[in-house]
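**Student:** Quick one: sequence and predicted model below, then my questions.
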Amino acid sequence: MSSANVDKAQQIRPPIAIYVLPLTGGGSTDVFQIPGVPMDITGQAPEGAHAMLVNFISVQNSGANPMYIRFSASPSITIDPADDSPNAFANNPAPAPDGGLLISPGETVRYDLSQLFEKGAGNARVPVEYLGFTGTAGDRARVWRSSGR
């Protein structure tokens, strides 16, 4: 079954915009501000405000080497490739300090951004607005947002 048919079956609209992000490499972390307009993820703004027009974001490694990603509410993101763990996401009770999620060459990962947040004071949820990525210089990450269920 082609991906267009799978997307249609899952009621996923085609990407609104696709961003091709070149990796700087050399151990540095590149930061991408996720575009969009505020969206409420918990029913209680401003803690629940989210910067995406739609809920889903996909990240594809279109390079020939592994890359690492990390979502954050802050543009100050560092990623240590030696710490590739799902603990990289801040909504984990014990996030790795500089961990990143490994994405293999050709692999695409998709996230519902309403489920990704950093824990603030008390019960506050701070939405992620930035994507950090690191890998080999010259490789590229492709990022797109979409709607669907």
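**Tutor:** That came through, no problem. Only a predicted model underlies this, so the values are computations on that prediction, with no experimental measurement involved.

**Student:** What segments of the protein are strands?
**Tutor:** With DSSP state E as the criterion, the chain has strands at 18-22, 30-33, 39-40, 49-50, 56-61, 67-72, 101-103, 108-112, 117-119, 125-127, 130-134, 140-146.

**Student:** Sheet-wise, list the partners of the last one with their directions.
**Tutor:** Take DSSP bridges as the rule and strand 140-146 pairs in its sheet with strand 18-22 (antiparallel), strand 56-61 (antiparallel).

**Student:** will you turn those strands into JSON lines that also has mean pLDDT, mean neighbour count and distance to residue 68?
**Tutor:** C-beta coordinates here come from the backbone N, C-alpha and C atoms, glycine included. JSON lines is the format used below for the strands paired with strand 140-146 (pLDDT from 0 to 100; neighbours: other C-beta atoms under 10 Å; distance: least, C-beta to C-beta, whole Å):
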{"stretch": "strand 18-22", "mean pLDDT": "89", "mean neighbour count": "14", "distance to residue 68": "13"}
{"stretch": "strand 56-61", "mean pLDDT": "90", "mean neighbour count": "21", "distance to residue 68": "10"}
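
**Student:** Rebuild the ones you listed as CSV, extending it with distance to residue 117.
**Tutor:** Converted to CSV, the strands paired with strand 140-146 look like this (distance: least, C-beta to C-beta, whole Å):
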stretch, distance to residue 117
strand 18-22, 22
strand 56-61, 13
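
**Student:** closest one to residue 113 among those strands?
**Tutor:** strand 56-61 (5.7 Å; C-beta to C-beta).

**Student:** That closest one versus strand 108-112: what angle between them?
**Tutor:** Calculated by axes from the mean of the first three to the mean of the last three C-alpha atoms, to 10 degrees, strand 56-61 forms an angle of 160 degrees with strand 108-112.

**Student:** Ok, which of the strands of the chain comes nearest residue 78?
**Tutor:** For residue 78, the closest of the strands of the chain is strand 130-134, at 7.4 Å, according to C-beta to C-beta.
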